[in-house]
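J.: here is the input, now give the coordinates:
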Amino acid sequence: MNRSRRVARLMLGFAASLLANTAANATTLEAAIAAAMRHAPEIVVADADTDAAKARLAQARSGQLPTATLVGTIGYGRLDPQNFFGLGAANVTPRAAQVTVEQPLFTGGRVGSGIDRARAGIAGAEAGQSGARAQLAMAVTQAYGDVLTAARMLTLYERLLIETTEIERQARLRYRAGESPSTDVAQASARLAEARAGLARAQGMQVSAHAHFTNLTGLEPIDLQPLPANPPLPGTLDEAMEEAMRSNPLLVQAQAGLRAAQAAARGARAERLPTVGAFAEAGTVRDQFFPDYRADSATVGVRARWEFFSGGRMSGKVAEASSEVRAADARMRAASMQVEEEVISAFQEVRTAQLVEQAATDQAASAAQALESVRHEVRVGMKPQLDLLDAEREAIAAEAGATRARTDRIVAAYRVAALLGRL
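T.: Next up, the predicted model:
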């Protein structure tokens, strides 16, 4: 008795360990999305674009900071002053060095507009980054659901093939025994061929779904968990619309583009104004004009530059920048209208998908119940075998519809979340 109890405890422990390992190796939708974020090249591109935009801000800010420049020359030659000042020819090593420090005092707004443009570029790049992540999350959700659908379809058609093979075999036996006409054999063979074709399609669908999932995530679609519930979404369309107008990546990117264009226009107008800066210079010269020549200098002052005539270049830049502002404003308004339409459509799609999923689930349950009833009636001889095949086809179609409806429901929910900038 004690030995039996020990064996039972060991078996229970082994089973618990196996279940724990299985759960640890299982892949959820969230894990698949996280893997895709690490794997997808488009995320790397979006991250790099954001880093580049931040680097441009550092460049723009440098325009208001001092600069230091060191210039130096050295050479070797022969200098002949032609007895000027009584100096004769001699070999010389002419060399000079100058260090200059400059601090901008007034740039006419060039630097400020450049900083504003760079900041708008960062906002646009970050919005593009968010949009890329949202699009990838939706693609992974669709691929995840397609893998589950393909696996379920494969199981259903494998079961159908087994049953149609057996029905076709029994039809041939009854025909040989003279109990049924050849029509039953032909119909059973046709249903068997249909089942084989359906299985081939399911196998092809599974291969394609696996390849797409692996391409997106870098993972093998092994032991995928069922689709989860929808992510949290606003309760009303008005709430969704308000959030989308505030956070939608496409709209935020368009708004950033408008701000960047406006900053560029300010920068173009600023080029008509002078620039003023303070400077300090120190230099040293050796062997430049006659042998053993020495000179040191130090200067502090203010330097101004004003290009008051450019032959129309600056006016052209201002006109170009103004046109870019109008175009950016139009793009922003177009993005706003597009987002509004997409939010209305996607929000309604979520509600529709939920209703379709419920109806498809009920249909699948009813079809499965009807299949069991027909199977029992065929077993007792109340209905022919072909009725069982018809019931099988209806059950498979209903189950496939329910599986696809679950995928459509979660994809629709993620689409709304993406439009709201939540992903």
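J.: how about the residue most central in space within the chain, secondary structure?
T.: Closest residue to the average C-alpha location of the chain: Ala132 at 2.5 Å, with Cα atoms, centre = their mean. On the three-state scheme (DSSP: H, G, I helix; E, B strand; the rest coil), Ala132 is labelled helix.
J.: residue contacts, the spatially closest residue to it that is not a sequence neighbour?
T.: Of all residues not flanking Ala132 in the chain, Ala46 sits nearest, at 4.1 Å (Cβ to Cβ, 6 or more residues apart in numbering). Bear in mind the C-beta positions are built from the backbone N, C-alpha and C, glycine included. Residues in contact with Ala46 (Cβ atoms under 8 Å, 6 or more residues apart in numbering) are 125, 128-129, 132-133.
J.: pull the CA atoms of the helix or strand Ala46 falls within into CSV?
T.: Applying DSSP states H and E as the criterion places Ala46 in helix 41-61. Taking C-alpha atoms only, helix 41-61 is exported to CSV below (Å, rounded to 0.1, in the frame of the first residue of the first chain):
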residue,chain,number,x,y,z
PRO,A,41,13.5,45.2,-39.5
GLU,A,42,10.8,47.9,-39.8
ILE,A,43,11.0,48.6,-36.0
VAL,A,44,14.8,48.9,-36.3
VAL,A,45,14.2,51.4,-39.1
ALA,A,46,11.7,53.4,-37.1
ASP,A,47,14.0,53.4,-34.0
ALA,A,48,16.9,54.6,-36.2
ASP,A,49,14.8,57.4,-37.7
THR,A,50,13.9,58.6,-34.2
ASP,A,51,17.6,58.5,-33.1
ALA,A,52,18.5,60.5,-36.2
ALA,A,53,15.9,63.1,-35.5
LYS,A,54,17.2,63.5,-32.0
ALA,A,55,20.7,63.9,-33.4
ARG,A,56,19.4,66.7,-35.6
LEU,A,57,18.1,68.5,-32.6
ALA,A,58,21.6,68.4,-31.1
GLN,A,59,23.0,69.9,-34.3
ALA,A,60,20.4,72.7,-34.3
ARG,A,61,21.1,73.6,-30.7
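J.: can you tell me the element Ala96 falls in?
T.: Per DSSP H and E, Ala96 falls inside strand 95-106.
J.: buried set for that strand?
T.: Neighbour counts over strand 95-106 (16 or more other Cβ atoms under 10 Å) mark 96, 98, 104 as buried.
J.: in its sheet, what does it sit against?
T.: Within its sheet, strand 95-106 is paired with strand 67-74 (antiparallel), strand 275-286 (antiparallel), according to DSSP bridges.
J.: show me how far that strand is from its chain's centre.
T.: 47 Å (Cα atoms, centre = their mean, to the nearest Å).
J.: cool, and stretch 296-314?
T.: On Cα atoms, centre = their mean, the centre of stretch 296-314 falls 47 Å from that of its chain.
J.: what does it contact?
T.: 102, 105, 268, 271-285.
J.: swap in stretch 244-253?
T.: 123-124, 127-128, 130-131, 134, 332, 335-336, 338-340, 343, 418-422.
J.: start to end distance for it?
T.: Chord length of stretch 244-253, first to last residue, is 13 Å (Cα to Cα, to the nearest Å).
J.: quick one: it to chain centroid distance?
T.: Worked out by Cα atoms, centre = their mean, stretch 244-253 lies 15 Å from the chain centre.
J.: list the buried ones in it?
T.: Buried, per 16+ other Cβ under 10 Å, within stretch 244-253: 244, 248-253.
J.: export these to TSV and append columns for pLDDT.
T.: Formatted as TSV, these follow (pLDDT from 0 to 100):
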residue	pLDDT
Ala244	94
Asn248	94
Pro249	94
Leu250	94
Leu251	95
Val252	95
Gln253	95
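J.: among these, which are in helices?
T.: Judged by DSSP state H, the subset of these located in helices is 244, 249-253.
J.: can you lay out those as a markdown table showing distance to Arg404?
T.: Formatted as a markdown table, these follow (distance: Cβ to Cβ, whole Å):
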| residue | distance to Arg404 |
| --- | --- |
| Ala244 | 27 |
| Pro249 | 28 |
| Leu250 | 28 |
| Leu251 | 31 |
| Val252 | 33 |
| Gln253 | 33 |
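J.: closest to Pro231 among those?
T.: Distance to Pro231 across those (Cβ to Cβ) is lowest for Ala244, with 15.0 Å.
J.: quick check: closest non-adjacent residue to the closest one.
T.: Val343 (4.7 Å).
J.: can you tell me the element the one you found falls in?
T.: Taking DSSP H and E as the criterion, Val343 maps to helix 313-379.
J.: Gln288 now?
T.: Applying DSSP H and E, one finds Gln288 in no helix or strand.
J.: would you check that it makes contact with Ala97?
T.: No - judged on Cβ atoms under 8 Å, Gln288 makes no contact with Ala97 at a distance of 11.7 Å.
J.: low pLDDT regions in the protein?
T.: Counting by pLDDT under 70, the chain has low-confidence residues at 1-25, 84-87.
J.: can you give the domain ranges for it?
T.: When the chain is parsed with automatic domain parsing, its domains come out as 27-65+107-271+307-419, 66-106+274-306.
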